[in-house]
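Novice: Provided below for reference: sequence and predicted model.
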Amino acid sequence: MVWNFYKTASYSQTNVMTDIASAVNENRKAGIRQKKHSLKIDMTPMVDLGFLLISFFVITTEMSRPRAMKLFMPHDGKPTPSKESTTITILTGADDKLFYYYGEEKNAGTKNPIIQTSWDEETGIGKVLSDKQAGLDQTKAGRDEMVVIIKPGKRSNYKNMVDILDEMLIHRITRYAIVDPGAIDAAFLEKAE
């Protein structure tokens, strides 16, 4: 009987212990994360596609080309006469100084005063050009007859010339010329500087 009890106890101990051990092992497996291998993605096709797109857009888009302004200088020879009522002369000096007068050079400073103005579009040279065009619109000649003579001084800089040519484009002035200042204009610019 003891022998049977011992067998039964040993059998139950073995079965129970096995069940407990297997339950513990299952819990360990569930609680412990398994070591995962890192995911490797081959990026070679994506890089190839990126370079293909970049090269496509570089080849097909037009690069910005430097644009030069068309400048028509007067030919040597006799000056072209223009009406005094439709002519305005702009003098550019040093330190961004800007002057204008109406009519011909021979009357500048005497009959037609030389007036200093600014580069401002609303109160300076932009307003002077707009007012002259508006005045010519009221006459028989019309705004297309307006002639602007640009005379840069010796100490005038390149920026001033570009700015005044921009004003010609802004106000759609089709008749303008860049000429050297005459004796009266040069003397005035020397005094003003």
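Specialist: Now that the structure is in, tell me what you want to look at.
Novice: can you confirm K154 is in a strand?
Specialist: No. K154 is assigned coil when assessed by DSSP: H, G, I helix; E, B strand; the rest coil, not a strand.
Novice: isn't it right next to A187, touching?
Specialist: No. K154 is not in contact with A187 according to C-beta atoms under 8 Å; the separation is 11.8 Å. C-beta coordinates here come from the backbone N, C-alpha and C atoms, glycine included.
Novice: State the mean pLDDT of stretch 111-127.
Specialist: Stretch 111-127 carries an average pLDDT of 86.
Novice: let me fix that: stretch 152-166
Specialist: Mean predicted lDDT for stretch 152-166 stands at 87.
Novice: so where's the chain shaky on pLDDT?
Specialist: Residues of the chain that meet the criterion pLDDT under 70 lie in 1-35, 63-74, 141, 193.
Novice: Apply 80 and report the result again.
Specialist: Scanning the chain for pLDDT under 80 picks out 1-39, 61-82, 84, 107-110, 137-144, 192-193.
Novice: For it, just list every one of the strands.
Specialist: 87-92, 98-102, 115-117, 147-152, 176-178 (DSSP state E).
Novice: Out of the ones you listed, indicate the one that is most buried.
Specialist: Burial of the strands of the chain is given as mean neighbour count (mean count of other C-beta atoms under 10 Å); strand 87-92 ranks first at a mean of 23.
Novice: now that strand: how far from the chain's centre is it?
Specialist: Taking the mean of its C-alpha atoms, strand 87-92 sits 30 Å from the chain's own mean (C-alpha atoms, centre = their mean, to the nearest Å).
Novice: Check which helices and strands it sits against.
Specialist: Contact partners of strand 87-92 among helices and strands, from 3 or more C-beta pairs under 8 Å, 6 or more residues apart in numbering; DSSP states H and E: strand 98-102, helix 125-137, strand 147-152, helix 158-170, helix 183-192.
Novice: now these as a markdown table including distance to S85?
Specialist: Shown next, in a markdown table, are the helices and strands packed on strand 87-92 (distance: least, C-beta to C-beta, whole Å):
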| stretch | distance to S85 |
| --- | --- |
| strand 98-102 | 8 |
| helix 125-137 | 8 |
| strand 147-152 | 10 |
| helix 158-170 | 19 |
| helix 183-192 | 20 |
